[in-house]
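**Q** sequence? don't have it. structure:
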């Protein structure tokens, strides 16, 4: 879907602090997750990035056109498998926030 503007959307912003011994494995899981998710129905964006100041911290940002699209993603075998793999790693901390936005408009 990846449109430049929407009337409403759901966003998720999360941070994961990973044990330094598991950073390479988490990097692989995150990269595969982006590749498998970014073109799903209703996905506006799905981004994984590594913190520049704390190399064992990762930031995940998702945007979904509707709650149903997010629910479908969360129920998918691909997502469940990704979580199963990630939860085998040593996650030292995580924070995940869900927000609903009134919309977005591309500025440039």
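**A** Yep, it's here. Just so you know, these numbers come straight off a predicted model, no measurement behind them. Residues are numbered from 1 along each chain as shown.

**Q** pretty sure residue 72 contacts residue 41?
**A** Yes. Applying C-beta atoms under 8 Å as the test, residue 72 and residue 41 come out as touching, 7.0 Å apart. All C-beta atoms are positioned from the backbone trio N, CA, C, and that covers glycine.

**Q** What strand or helix carries residue 39?
**A** Residue 39 is part of no helix or strand, with elements assigned from DSSP states H and E.

**Q** what about this structure, any weak spots by pLDDT?
**A** Scanning the chain for pLDDT under 70 picks out 1-6.

**Q** can you do 80?
**A** Within the chain, the segments meeting pLDDT under 80 span 1-7, 103-106, 108.

**Q** Just the terminal-to-terminal distance for stretch 84-103.
**A** By C-alpha to C-alpha, to the nearest Å, the extent of stretch 84-103 from end to end equals 32 Å.

**Q** immediately after the longest helix anywhere in the chain, which helix or strand?
**A** Identified as the longest helix of the chain according to DSSP state H is helix 23-37. Downstream of helix 23-37, the next assigned helix or strand under DSSP H and E is strand 43-50.

**Q** Please spell out which residues along that next one are buried.
**A** 43, 44, 45, 46, 48 (16 or more other C-beta atoms under 10 Å).

**Q** Can you report how many residues lie near the closest residue to residue 79 other than its chain neighbours?
**A** Nearest residue to residue 79, sequence neighbours excluded (C-beta to C-beta, 6 or more residues apart in numbering): residue 73, at 5.7 Å. Neighbourhood size, residue 73 [other C-beta atoms under 10 Å]: 19.

**Q** Perfect, I'm done here.
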